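Enquirer: Sequence plus predicted model, see below.
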Amino acid sequence: MRTSSDSDESFKFFLVVRPRPTGPGRLVKRWSFSNEELGRTIPPGLEENLRAKYSGIELERALERSRGIYINGYLTLDERDKIATVTISGLARPFEERVDLSKELR
């Protein structure tokens, strides 16, 4: 979820467990990243396309115009040990956290 005001942007991620497909979900963990923690990057693949099309100062201007906030969250689950690994890309620093879900997935 992305929240913003006139001068501030932040991102929030939630880990929700739904033990049964039709049952209610339960919030397990929440992460919030402030504007200062967000990276300003160029989307994957775009830089190569711009380099093929432009050079010199035109390339530098195109790269700068393309910089933005591109945040993605990924989840992998070790089903045997009931450990979720949450990875969030696009931040100024790499983020990965392991969360024990054994109690939630009984």
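Expert: Alright, I've got the coordinates.
Enquirer: quick one: low-confidence ranges for this structure?
Expert: 1-8 (pLDDT under 70).
Enquirer: Leu101 and Ala84 touch, don't they?
Expert: Yes - the criterion here is Cβ atoms under 8 Å, and Leu101 meets it with Ala84 at 5.4 Å. To be clear about C-beta, it is placed using only N, CA and C from the backbone, and glycine gets the same treatment.
Enquirer: who touches both of those two?
Expert: The contact sets of Leu101 and Ala84 overlap at Leu77 (Cβ atoms under 8 Å, 6 or more residues apart in numbering).
Enquirer: First residue to last residue on stretch 35-46, what's the distance there?
Expert: 23 Å (Cα to Cα, to the nearest Å).
Enquirer: Over to stretch 99-106?
Expert: Stretch 99-106 has an end-to-end distance of 15 Å (Cα to Cα).
Enquirer: next one: stretch 61-75
Expert: Start-to-end, stretch 61-75 (Cα to Cα) is 35 Å.
Enquirer: Show me what counts as buried in it.
Expert: Ala62, Ile71 (16 or more other Cβ atoms under 10 Å).
Enquirer: List the contacts of it.
Expert: By Cβ under 8 Å, 6+ apart, stretch 61-75 touches 2, 9, 11, 13, 15, 33, 38-43, 46-47, 50, 53-54, 84-91.
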